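S.K.: with the input below, show me the fold.
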Amino acid sequence: MIDQCTQPLQAEEADKLCEACESLEEKLIVWTLLDTGMRISELCNLKAEQILRQKKAIRINGRKSQERVVPMSKRVQTLLDHYFAINNHWPVGTRQAQKIVKQVAEKAKLSRMVTPHTLRRTFFENFALQKGLSLADIKEILVQYRLRDKWNVRKPAVGSYDELFQALHDRTSSIGEI
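M.R.: So this is what the prediction gives:
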């Protein structure tokens with residue numbers, strides 16, 4: 001049996017979680033994780049200069065120092081623009097962000113444990129289902145973009161990366177914009 005906290009949220013659960021966010025800090029953490037698929041450590045190390053406003057994306061130094069670009073939704077871009085207009089660093093560390101996700105899930109009265117990784121899985125699995133892609137397809141497209149971005153190489157992919165990237169950052173949740 002798969003661990004319950006690694007299972008993605010259903011759309012209704014994700015909406016409840018977003019609606020339960022009250023403070024700017026809660027929205028920054030929950031909405032950004034849910035709308036970008038970032039890892040919690042990547043989020044908590046985020047700096048203003050990583051926001052690529054023109055591309056509507058975030059440049060991330062991920063695991064093993066691999067750099068990649070993730071799209072951001074309009075609501076996340078708005079939140080990050082407002083936050084980084086007056087701040088230089090992320091408001092909390094990894095452990096505190098994990099606690100905030102747990103507290104918001106409790107406020108939302110979700111019947112199961114929710115972790116930052118749950119939000120990452122929700123992003124990828126729900127998006128894959130919406131577009132009819134497998135997780136392997138999305139991984140392949142994102143890996144190939146990282147290669148293309150780093151070395152200006154474009155290899156054939158399972159789908160058009162540019163179309164996927166556009167669809168990802170145009171995506172908004174069913175509860176709308178802030």
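S.K.: mind listing what's buried in the helix or strand where Arg95 lies?
M.R.: Taking DSSP states H and E as the definition, Arg95 sits inside helix 94-107. Residues of helix 94-107 classed as buried: Thr94, Ala97, Gln98, Ile100, Val101, Val104, Ala105 (neighbour count, 16 or more other C-beta atoms under 10 Å). Quick note: C-beta positions are derived from backbone N, CA and C, even for glycine.
S.K.: measure Glu22 to Gln103 for me?
M.R.: 10 Å (C-beta to C-beta, to the nearest Å).
S.K.: thinking again about what came up before, return the closest of the buried residues of helix 94-107 with respect to Glu12.
M.R.: Lowest distance from Glu12 to the buried residues of helix 94-107 (C-beta to C-beta) belongs to Ala105, with 13.5 Å.
S.K.: could you find the closest non-adjacent residue to that closest one?
M.R.: Distances taken as C-beta to C-beta, 6 or more residues apart in numbering place Val114 nearest to Ala105, at 3.7 Å, with adjacent residues excluded.
S.K.: secondary structure class for that neighbour?
M.R.: coil (DSSP: H, G, I helix; E, B strand; the rest coil).
S.K.: what sits against it?
M.R.: Residues near Val114 by C-beta atoms under 8 Å, 6 or more residues apart in numbering: Cys5, Leu9, Leu17, Val101, Lys102, Val104, Ala105.
S.K.: including distance to Arg121 and pLDDT, could these go into a markdown table?
M.R.: As requested, the contacts of Val114 are exported to a markdown table (distance: C-beta to C-beta, whole Å; pLDDT from 0 to 100):
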| residue | distance to Arg121 | pLDDT |
| --- | --- | --- |
| Cys5 | 9 | 59 |
| Leu9 | 8 | 91 |
| Leu17 | 13 | 96 |
| Val101 | 13 | 97 |
| Lys102 | 16 | 96 |
| Val104 | 17 | 97 |
| Ala105 | 14 | 97 |
